[in-house]
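>>> Compute the structure for the input listed below.
(chains A and B)
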Number of protein chains: 2
Amino acid sequence: MSDPRLASLTAAVPGLHLKTAPDDLAFYGRDWTRRWTPAPLAIALPDSVAQVKAVMAWAHANGVAVVPSGGRTGLSGGAVAANGELVLSLERMNKVIEFDRVDRLMTVQAGMALEALHNVAAEHGLIYPVDFAARGSCTIGGNIATNAGGIRVIRYGNTREWIAGLKVVTVSGELLELNRGLVKNSSGYDLRQLMIASEGTLGVIVEATVKLTDPPPPTNVMLLALPSFEVLMEVFAAFRERLQLEAFEFFTDLALKHTTAHGALNPFAEVYPYYVVTEYAAGDEAAEAAAMAAFEHCAGQGWVLDGVISTSVEQAQQIWRLREGITEAVARYTPYKNDVAVRISRMPAFLARCQSLIGGAYPHFEVVWFGHIGDGNLHINVLKPDGLGQDEFVAQCEQVTKLLAQVLAEFDGSISAEHGIGLVKKPYLSSTRSPVEIALMQSVKRALDPQGLLNPGKLFD
Amino acid sequence: MSDPRLASLTAAVPGLHLKTAPDDLAFYGRDWTRRWTPAPLAIALPDSVAQVKAVMAWAHANGVAVVPSGGRTGLSGGAVAANGELVLSLERMNKVIEFDRVDRLMTVQAGMALEALHNVAAEHGLIYPVDFAARGSCTIGGNIATNAGGIRVIRYGNTREWIAGLKVVTVSGELLELNRGLVKNSSGYDLRQLMIASEGTLGVIVEATVKLTDPPPPTNVMLLALPSFEVLMEVFAAFRERLQLEAFEFFTDLALKHTTAHGALNPFAEVYPYYVVTEYAAGDEAAEAAAMAAFEHCAGQGWVLDGVISTSVEQAQQIWRLREGITEAVARYTPYKNDVAVRISRMPAFLARCQSLIGGAYPHFEVVWFGHIGDGNLHINVLKPDGLGQDEFVAQCEQVTKLLAQVLAEFDGSISAEHGIGLVKKPYLSSTRSPVEIALMQSVKRALDPQGLLNPGKLFD
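Sure thing, here's the model as predicted:
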């Protein structure tokens, strides 16, 4: 603790936990991206809103930059601290504050893991429906800061739809209590909405009041084998028309090879180029019949070559593992990730353009495709060959992202569907947001954080 | 057209329709509030986004204040032009731009009436579910500017949930194309959300891309008679637990007296103090049985004294008229309106406090209570006695609103659930938003509209 500012900080915030060991600086200074060398000033681990306020008041008075930090499972570098910033980790603030059965609301501290939130909701017979594979490590605060999406968006929407209130500490250490769980509150600008997806650049989210809902009806999970990309949206339309879809996810044979190599079970004897996992309400005979009708319609058209339906919870989990295990299975190849979106109706043309672009651009790289296709969201994971250096690999991929960004601009799409902009997507923000929009965002940033102390360098310069 | 600025405007925007006749100035210069004397500079009626951009560029260059104007059905003075502002009416921009069946999105010009939007959606076999009594006159642009709620919020949420994209013209005449219909787009601050509920103070909404959904299953409408305020939330809980509620609205005997005097039919022979209209999914025998079980449970507890279920569309409409006709039926008494909200769980205690406060404060006035009780939203309409002057009446009511605002602050409630702040609620904004929040809102306003030209004086000074 040689930096004299830290003595000033501990004096200003009595009892504040601080970590300064090199291992801690490295651990808390980065997220799941691995492109930047962590170099934070120190790690502050407050245990209360009062401590967060005091830390921010101190940082504000002393001109110290702060990186708010959740589970650091982000894929865009939004939680990286590589320039002497103070990391403000919410990990000790991970408790339930209040459960309200009548309002169906739960207020939790921002450092609570998503899975822990799921578990508490389940104890009350309810669900918080936003879900994705990082659930065990990511925090609700981080989910809100990126408006996280995931595998249930098709049914339940993004994180934004589930936030009934936020407590946020401003850059100067003042507490905002935004919306406080009200269903209706037309009383001026909804600053809660402004904080959602702001990636820690406008305030520090310290508490969230989330909406809960009834568990879904019983569901079945179906795995489908498809002959081509071109029929994907036809299959989606056929299923959406007939069923209440809870999820509709696609991936390629290459993705399946990686997840099965990682322990997932492939129920098919044959190899197919494309797969879909879909989960749908199946509580009664009508729904079962509708599912069969959808399958048979697609099979009759030649859009689906094979399929299995889960007959048990275990089998449903096995099927899901084929899709959910992808990120973990390819992690050792330090993949370069694109997370893009277009309107659903534009997906077929966009997929064709992407296939052509990516196929031509990466002749020597393995490319794993998967995505939340019912939301218009496509994940493209380029795997680094073992012999290639990380910097050279990223440089080659960035060249392709530049081209992809041009295609996205043409398709009115988004360079970041659900990962946020952070550092990784910053060079491509203009593919998605116009110069006027970016200028307005910057003016909002200056209005709320005139000195630029909150997560500097993220989103835009 | 004596003001020399108007010659400059028509030169700057060729073909722009302008109205300057005294009747037009009076008609377009006010909304459904009647407290301010309209005094606009003129009424501009652009017919295209290009004209709106040109008008705003001119206003910006010449320092002319602008009041964006939809159907002017607002109840908070948000569309009043009483200080020489240019009224920018969107009424000529009322067309459908695009319907997209795959995305289930429709893009319309902001001046389209809500009912017209309903009708176009219905032609495509879909619904836009936000709905309220002013549907024939209000516009989608105005709905967005106040995040309008209404009678289906309990099932479908507020306007905010249904906006997939917005085109907004900035104060300097530049066009923002916000979100463009994407389901997922985590690419920085969601300026679309900032524009929703900003009451024309941050930009001019010129187009909206709204989400559509499937029509609800067949519904029934039930009218219930209740003995007291105290049991209202018990009845709500009993029905919500058993049924998929599409609406749950309450009103008092006095409200019913006014709507029946205005032509609605009362199906009960006896007089009861309180009533509920609820609409619920009733497509099958299970739902019918659940509705009967809810009714019988409440009747058994003494919470419900009588009830009727609609047996035809006509009867359902007649029941609805008892609730929806209230605003029109009391309009001739130039009511003073409160539109307040608390969390649903706090409603019983809040209702008790309100009854005590309002009963004591208005011994000589008729007070009509109704509300969207399942959203925690209560409407209090104080009727002006015929002999009392309007100014004196409002002054007396404002004294009570001051006290009500204190109660709301204590209950963490909102002074405006769905009407917006405008001019009417401005003195009470601090009951709902903290000084820090108001200061942040003001800084956002300055960032987007440094000269304060967009709807000046609304929301805050």
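>>> What parts of the stretch 251-400 of chain A come near chain B?
Proximity of the stretch 251-400 of chain A to chain B, by CB under 8 Å from any CB of the partner chain, involves residues A:341-345, A:372, A:375-377. (Glycine included, C-beta is placed from N, CA and C.)
>>> biggest separation within these, which pair?
Spatial extent of these (CB to CB) is set by the pair A:345 and A:372 at 15.6 Å.
>>> Let's have the residues of the stretch 251-400 of chain A next to chain B in JSON lines, adding pLDDT and distance to residue A:71.
Output for those, formatted as JSON lines (pLDDT from 0 to 100; distance: CB to CB, whole Å):
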{"residue": "A:341", "pLDDT": "98", "distance to residue A:71": "23"}
{"residue": "A:342", "pLDDT": "97", "distance to residue A:71": "29"}
{"residue": "A:343", "pLDDT": "96", "distance to residue A:71": "31"}
{"residue": "A:344", "pLDDT": "92", "distance to residue A:71": "30"}
{"residue": "A:345", "pLDDT": "91", "distance to residue A:71": "34"}
{"residue": "A:372", "pLDDT": "93", "distance to residue A:71": "20"}
{"residue": "A:375", "pLDDT": "94", "distance to residue A:71": "23"}
{"residue": "A:376", "pLDDT": "95", "distance to residue A:71": "26"}
{"residue": "A:377", "pLDDT": "96", "distance to residue A:71": "21"}
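>>> Among those, which are located in strands?
A:341, A:372, A:377 (DSSP state E).
>>> My understanding was that the first one contacts residue A:419; is that so?
No: using CB atoms under 8 Å, residue A:341 and residue A:419 do not qualify as a contacting pair, with a distance of 10.6 Å.
>>> Among those two, which residue is more densely surrounded?
residue A:341 (30 against 27; other CB atoms under 10 Å in any protein chain shown).
>>> Might you report the residue contacts of residue A:100?
In this structure, residue A:100 makes contact with A:106-107, A:181, B:343, B:345, judged by CB atoms under 8 Å, 6 or more residues apart in numbering or on different chains.
>>> do you know how far it is from residue A:129?
To residue A:129, residue A:100 is 18 Å away according to CB to CB, to the nearest Å.
>>> go on, residue A:188?
As judged by CB to CB, residue A:188 and residue A:129 stand 29 Å apart.
>>> And residue A:338, by the same measure?
Distance of residue A:338 to residue A:129, given as CB to CB: 26 Å.
>>> In terms of packing, which of these two has more residues around it?
Ranked by neighbour count (other CB under 10 Å), residue A:338 and residue A:129 place residue A:338 first, with 27 against 22.
>>> Around the nearest residue to residue A:240 once chain neighbours are set aside, how many other residues sit close by?
The spatial neighbour of residue A:240 that comes closest, neighbours along the chain excluded (CB to CB, 6 or more residues apart in numbering or on different chains), is residue A:374 at 7.0 Å. By other CB under 10 Å, 24 other residues sit near residue A:374.
>>> what's the neighbour count on residue A:116?
Counted with other CB under 10 Å, residues neighbouring residue A:116 total 18.
>>> Now tell me what touches stretch A:271-289 from outside.
Contacts with stretch A:271-289, where a contact means CB under 8 Å, 6+ apart, come from A:216-229, A:232, A:235-236, A:239, A:243-253, A:255-256, A:291, A:305-306, A:316, A:319-320, A:322-323, A:373.
>>> Any buried residues in it, and which?
For stretch A:271-289, burial by neighbour count (16 or more other CB atoms under 10 Å in any protein chain shown) applies to A:272, A:274-282, A:287.
>>> Now pLDDT and secondary structure too, for these, in JSON lines please.
As requested, the buried residues of stretch A:271-289 are arranged in JSON lines below (pLDDT from 0 to 100; DSSP: H, G, I helix; E, B strand; the rest coil):
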{"residue": "A:272", "pLDDT": "97", "secondary structure": "coil"}
{"residue": "A:274", "pLDDT": "96", "secondary structure": "strand"}
{"residue": "A:275", "pLDDT": "97", "secondary structure": "strand"}
{"residue": "A:276", "pLDDT": "97", "secondary structure": "strand"}
{"residue": "A:277", "pLDDT": "97", "secondary structure": "strand"}
{"residue": "A:278", "pLDDT": "97", "secondary structure": "strand"}
{"residue": "A:279", "pLDDT": "96", "secondary structure": "strand"}
{"residue": "A:280", "pLDDT": "96", "secondary structure": "strand"}
{"residue": "A:281", "pLDDT": "92", "secondary structure": "strand"}
{"residue": "A:282", "pLDDT": "90", "secondary structure": "coil"}
{"residue": "A:287", "pLDDT": "91", "secondary structure": "helix"}
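>>> Now these in CSV, please, with extra columns for distance to residue A:209.
Shown next, in CSV, are the buried residues of stretch A:271-289 (distance: CB to CB, whole Å):
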residue, distance to residue A:209
A:272, 45
A:274, 41
A:275, 38
A:276, 35
A:277, 32
A:278, 32
A:279, 28
A:280, 30
A:281, 28
A:282, 32
A:287, 33
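>>> In the stretch 1-150 of chain A, what residue comes closest to chain B?
residue A:102 (3.8 Å; CB to the nearest CB).
>>> need the contact list for that residue.
Neighbour list for residue A:102: B:233, B:237, B:344-345 [criterion: CB under 8 Å, 6+ apart].
>>> same thing but at 6 Å, please
When contacts are counted by CB atoms under 6 Å, 6 or more residues apart in numbering or on different chains, residue A:102 touches B:344-345.
>>> And residue A:181, by the same measure?
By CB under 6 Å, 6+ apart, the residues touching residue A:181 are A:103, A:105, A:164-165, A:209, B:343.
>>> Could you do residue A:373 as well?
Contacts for residue A:373 (CB under 6 Å, 6+ apart) come out as residue A:250.
>>> in the longest helix seen in chain A, what's buried?
When chain A is parsed with DSSP state H, its longest helix is helix A:390-410. Judged by neighbour count (16+ other CB under 10 Å), helix A:390-410 contains these buried residues: A:393-394, A:396-397, A:400-401, A:404-405, A:407-408.
>>> now residue A:63, nearest residue through space, not along the chain?
residue A:451 (6.5 Å).
>>> burial count for the one you found?
For residue A:451, the count of nearby residues is 14 (other CB under 10 Å).
>>> where's it relative to residue A:172, distance?
Residue A:451 sits 9 Å away from residue A:172, going by CB to CB.
>>> ok, what's across the strand from residue A:213?
Judged by DSSP bridges, the bridge partners of residue A:213 are residue A:127.
>>> what does residue A:88 give?
Under DSSP bridges, the residues paired with residue A:88 across the bridge are residue A:44, residue A:68.
>>> Residue A:16: what's it in contact with?
Residues in contact with residue A:16, defined by CB under 6 Å, 6+ apart, are A:44, A:51.
>>> quick one, what contacts the residue nearest in space to the middle of chain A?
The centroid of chain A falls nearest to residue A:148 when counting by CA atoms, centre = their mean (3.9 Å). Neighbouring residues of residue A:148 by CB under 6 Å, 6+ apart: A:159, A:418.
>>> Assign it to helix, strand or coil.
State at residue A:148, reduced to three classes by DSSP: H, G, I helix; E, B strand; the rest coil: coil.
>>> Please apply the same query to residue A:350.
The three-state assignment at residue A:350 reads helix, by three-state DSSP.
>>> Now it: closest residue in space, sequence neighbours ignored.
Distance criterion CB to CB, 6+ apart; nearest residue to residue A:350, sequence neighbours excluded, is residue A:342 at 4.7 Å.
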